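Participant: Based on what follows, work out the 3D shape:
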Amino acid sequence: MKKNILQICHGSSAPFGDVARQWARLFDGSDYELTTIFLTGNKDEALAREVGGKVLFFEYTSRDLSGLKRGLVKRLKALHLQERYEFCVAHRYKSIYSALSVKGLKVIGVNHAYGVYDKWLRRAFVMHKKNQLLLVGVSDAIRNDIRKSLPCFPTEKIQTVYNRINVESVKEQQVDRPSAREFLGISGDGYFFGAVGRLHPDKDYKTLLAGFSLALEKMPGAQLIIVGEGRLKSDLKSQAEALKIDENVHFLGFVKDAYRYFKGFDSFVLSSDHEPFGMVLLEAMVAGIPIAYSNCGGSPEVVDSLGICFEVGNPVELSEVLFRLYSHEHGIEGDQLDQRVRRYFSDEVVREEFWSMPALKNLLAGA
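Facilitator: Okay, the predicted model is just below:
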């Protein structure tokens, strides 16, 4: 007879629909039967099929989940009483808090951001519940941030479980270079840098535009393609105009499943100054295109020496890196990128590492 386990995601919107899928794959072929709950977001049958197992959409609003979340905790207690979950995988603090509020429920708390335990009430709560809790970060950078915030929490109970990717599925979905360029509206024989992510301060597109401007004079035909929406769009467009590079910078807005079109870029650039992991880096690596990334958060862990690293917020250094990419001085082959993804960030590899963690075995054994 299979044992029941629970997964709680704050919402079903990107990126947490894929996060739920990633974690669901850890239990494929195991003795566990998974139930996944999405706290916010509308019912989505396609997402439910992708995640697999039993999927429940609670359809709360963010306001419903403020404060002590008594209604949610009551529902979780009722489910636990009925299903007797062996443990719960809870993503983000609201889910972690709610799951820990169910008496006797063991919790793997997955942290996707910095500063989750900066508030003293949160620190006090998880310390009180430490015997039923294993904390993980999606990168060593996040794991170390948690350990810094919780110096009295047992170090061995704060571990890393990397984000990951279904390599073969992504490869099958990524279209060839001509088709990708046609879809994105890219034309001509110029060199196209690609950047993908919401237009948010964390992505530091301000530095990317400044660095591109400095390098453009010695990069004839170079174009910068930025895919994503966000509150900074008008500011960034104004910056491009002020730098007189607006004819070479193209804001495409939101593109559904943008990773499918990465082969349309000549190279990929991630300029973030606040990056917990960087899923887009994995997608670019699977596409086999050269990568430049800022020395921030989880990005160096993902790409390592198979990309060109530059200092966060340094447009001069970034301009030099862009020129190296443009000049094909990087020396990185697509096969090397593919091998790194398969070795460290595939569903299969992370599943094996997850189940071999001593901290997980101790949690399940009640140690």
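
Participant: When you work out contacts or count neighbours from here on, use the C-alpha atoms and nothing else.
Facilitator: OK.

Participant: Next, residue 4: phi, psi?
Facilitator: The phi/psi pair for residue 4 (degrees, to the nearest 10) reads phi -90, psi 140.

Participant: Domain parsing of the chain, as residue ranges.
Facilitator: 3-164+346-365, 167-344 (automatic domain parsing).

Participant: As a markdown table, those domains with mean neighbour count and mean pLDDT would be great.
Facilitator: Converted to a markdown table, the domains of the chain look like this (neighbours: other C-alpha atoms under 10 Å; pLDDT from 0 to 100):
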| stretch | mean neighbour count | mean pLDDT |
| --- | --- | --- |
| domain 3-164+346-365 | 18 | 94 |
| domain 167-344 | 19 | 94 |
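
Participant: pLDDT wise, what is residue 367 at?
Facilitator: On the pLDDT scale, residue 367 is placed at 63.

Participant: which residues of this protein fall in strands?
Facilitator: 3-11, 32-40, 54-60, 88-91, 107-111, 133-137, 158-160, 192-196, 223-227, 249-253, 267-270, 291-294, 308-310 (DSSP state E).

Participant: can I get the ones you listed in a markdown table with distance to residue 206?
Facilitator: Below are the strands of the chain laid out as a markdown table (distance: least, C-alpha to C-alpha, whole Å):
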| stretch | distance to residue 206 |
| --- | --- |
| strand 3-11 | 29 |
| strand 32-40 | 32 |
| strand 54-60 | 35 |
| strand 88-91 | 30 |
| strand 107-111 | 27 |
| strand 133-137 | 28 |
| strand 158-160 | 31 |
| strand 192-196 | 12 |
| strand 223-227 | 12 |
| strand 249-253 | 12 |
| strand 267-270 | 12 |
| strand 291-294 | 13 |
| strand 308-310 | 15 |
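
Participant: do you know which of those lies nearest residue 337?
Facilitator: The minimum distance between residue 337 and those falls on strand 291-294, with 9.7 Å, by C-alpha to C-alpha.

Participant: tell me which strands and helices that closest one is in contact with?
Facilitator: Secondary-structure packing of strand 291-294 (3 or more C-alpha pairs under 8 Å, 6 or more residues apart in numbering; DSSP states H and E): strand 267-270, helix 279-287, helix 299-303, strand 308-310.

Participant: Repeat the analysis, applying 6 Å as the threshold.
Facilitator: strand 267-270, strand 308-310 (3 or more C-alpha pairs under 6 Å, 6 or more residues apart in numbering; DSSP states H and E).

Participant: Please save the CA atoms from that strand in CSV.
Facilitator: What follows is strand 291-294, C-alpha atoms only, in CSV (Å, rounded to 0.1, in the frame of the first residue of the first chain):
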residue,chain,number,x,y,z
ILE,A,291,25.8,32.5,-21.7
ALA,A,292,26.9,35.6,-19.7
TYR,A,293,25.8,36.0,-16.1
SER,A,294,26.3,38.2,-13.1
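
Participant: Parallel or antiparallel, which strands does it pair with?
Facilitator: Paired strands of strand 291-294, with direction, are strand 267-270 (parallel), strand 308-310 (parallel) (DSSP bridges).

Participant: And the ones you listed: which comes nearest residue 238?
Facilitator: strand 267-270 (20.7 Å).

Participant: hmm, who's touching the closest one?
Facilitator: Here strand 267-270 makes contact (C-alpha atoms under 6 Å, 6 or more residues apart in numbering) with 193-195, 289-293.

Participant: Distance to residue 90 for those residues - can I get that in JSON lines?
Facilitator: Listed next are the contacts of strand 267-270 as JSON lines, based on distance: C-alpha to C-alpha, whole Å:
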{"residue": "193", "distance to residue 90": "37"}
{"residue": "194", "distance to residue 90": "33"}
{"residue": "195", "distance to residue 90": "30"}
{"residue": "289", "distance to residue 90": "34"}
{"residue": "290", "distance to residue 90": "35"}
{"residue": "291", "distance to residue 90": "32"}
{"residue": "292", "distance to residue 90": "32"}
{"residue": "293", "distance to residue 90": "30"}
